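Visitor: got a predicted model here, sequence first, then my questions.
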Amino acid sequence: MNSPASGDGAAGDSARGNAAPATPDAAGPVPPAHASPVGASRVDTIDDLPAPEPLPYDGVASVAVGTVLWALAAVVMLFFLDDLRDDGHLWWLATAICGFVLGLAGLWIVVRRPSRLR
């Protein structure tokens, strides 16, 4: 254990939390918060940023696949309706049906989106 008597006074003080806090001047001057590295462009506001390029992917395929998978899951669970009811898992079927309905809404949105962006 470090103690002032053992000759490690600084280590003992910092272990107990009594060390003096480091000042910014000890490591050198602190650059202002708005300073940027040499050669870097500085952006003042978000309006100065260039607009990002739109992605070439429209998402129709992934939403369609997800919608089909939810529908398939609902159809498969219809065959096990009695088992789901007995085990208290009838909500699984409701979840699959909700996923299918929300997928249809998502398809409607992603199919219309490219025409709305033009």
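Guide: All right, it came through fine. Just so you know, these numbers come straight off a predicted model, no measurement behind them.
Visitor: distance of residue 101 relative to residue 70?
Guide: Distance of residue 101 to residue 70, given as CB to CB, to the nearest Å: 9 Å. Bear in mind the C-beta positions are built from the backbone N, C-alpha and C, glycine included.
Visitor: compare those two (neighbour count), which wins?
Guide: Set residue 101 next to residue 70 and count neighbours by other CB atoms under 10 Å: residue 70 wins out with 20 against 14.
Visitor: low pLDDT regions in the chain?
Guide: Along the chain, the model assigns pLDDT under 70 to residues 1-44, 118.
Visitor: residues contacting residue 90?
Guide: 81, 84 (CB atoms under 8 Å, 6 or more residues apart in numbering).
Visitor: do that again at 10 Å, thanks
Guide: Counting by CB atoms under 10 Å, 6 or more residues apart in numbering, residue 90 touches 77, 81, 83, 84.
Visitor: ok, the first one - contacts?
Guide: Contact analysis of residue 77 by CB under 10 Å, 6+ apart lists 83, 84, 89, 90, 92, 93, 94, 95, 96, 97.
Visitor: hang on, isn't the fifth one packed against residue 73?
Guide: Pointing back at residue 92 there. Yes - with contact defined as CB atoms under 10 Å, residue 92 counts as touching residue 73 (8.3 Å).
Visitor: neighbours of residue 93, just the number please.
Guide: Using other CB under 10 Å: residue 93 sits among 18 other residues.
Visitor: before we move on, what about residue 109?
Guide: 13.
Visitor: mind checking the SS state of it?
Guide: Assigned by DSSP: H, G, I helix; E, B strand; the rest coil, the conformation of residue 109 is helix.
Visitor: let me see the contact set for it.
Guide: Contacts here follow CB under 10 Å, 6+ apart; on that basis residue 109 touches 59, 60, 63, 116.
Visitor: narrow the contacts of residue 77 to those that are buried.
Guide: Neighbour counting by 16 or more other CB atoms under 10 Å classes 84, 93, 96 among those as buried.
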